[in-house]
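Peer 1: got a predicted structure here, sequence first:
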Amino acid sequence: MPYCCQCGNEVAETDIYCRRCGAKQPVRERRAAPGEGISPRAASVLCYVPFVGWLAAIVVLASERFRHNRTVRFHAFQGLYLFVAYLIVDWVVGPLFRMLPGGQFRVDKLLNLGLLAVWIFMIIKTSREQTYSLPIVGELAERSASES
């Protein structure tokens, strides 16, 4: 517990003035929680930033502020599942097509381009505050958002 800067009396952390001598207490800075100063729309959009949106999605899912906002949580889960789809294409499908002979036309590059287009599409939809559920990923995100 802090003490008065003038008389040394105990004061609460939220007190602006000392109860005994009336001296103004120094302002104590309060640390902002992650995601506190961000709007729900901006938090939803950040979850779809290609290749790094998973970080924002984890922060959104862990923050107390968005714990009961089902729409933002839906976008966070959908952004995470899109990133998992990218990892599957990059780490599983890509090496399979690299092993095939005559690898001029590789399907994994086309799939990566398609995922990038989906990320951009979702950024546009979410920035207009439209909730769009993607075919398989959206159903998983709906279930995940409703369970938590």
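Peer 2: Cool, the structure landed.
Peer 1: going forward, measure contacts and count neighbours with C-alpha atoms only.
Peer 2: Fine.
Peer 1: distance-wise, check residue 142 relative to residue 102.
Peer 2: 41 Å (C-alpha to C-alpha, to the nearest Å).
Peer 1: could you pick out the longest helix of this structure?
Peer 2: helix 107-127 (DSSP state H).
Peer 1: residue 75 looks like it's in a helix, true?
Peer 2: Yes. Assigned with DSSP: H, G, I helix; E, B strand; the rest coil, residue 75 falls within a helix.
Peer 1: wait, isn't it in contact with residue 47?
Peer 2: Yes. Under the criterion of C-alpha atoms under 8 Å, residue 75 makes contact with residue 47 at 6.7 Å.
Peer 1: between these two, what contacts are shared?
Peer 2: residue 57 (C-alpha atoms under 8 Å, 6 or more residues apart in numbering).
Peer 1: what's the longest helix of the chain packed up against?
Peer 2: helix 40-46, helix 70-88, helix 94-99 (3 or more C-alpha pairs under 8 Å, 6 or more residues apart in numbering; DSSP states H and E).
Peer 1: between residue 142 and residue 102, who's got more neighbours?
Peer 2: Each of residue 142 and residue 102 has its neighbours counted (other C-alpha atoms under 10 Å); residue 142 has more, 18 against 9.
Peer 1: can you pull the contacts of the more buried one?
Peer 2: Counted by C-alpha under 8 Å, 6+ apart, residue 142 has contacts residue 74.
Peer 1: helix, strand or coil for it?
Peer 2: Secondary structure, three-state DSSP: residue 142 is helix.
Peer 1: could I get the pLDDT score of it?
Peer 2: pLDDT for residue 142: 96.
Peer 1: swap in residue 136?
Peer 2: 95.
Peer 1: surely it is in a helix?
Peer 2: Yes. Judged by three-state DSSP, residue 136 forms part of a helix.
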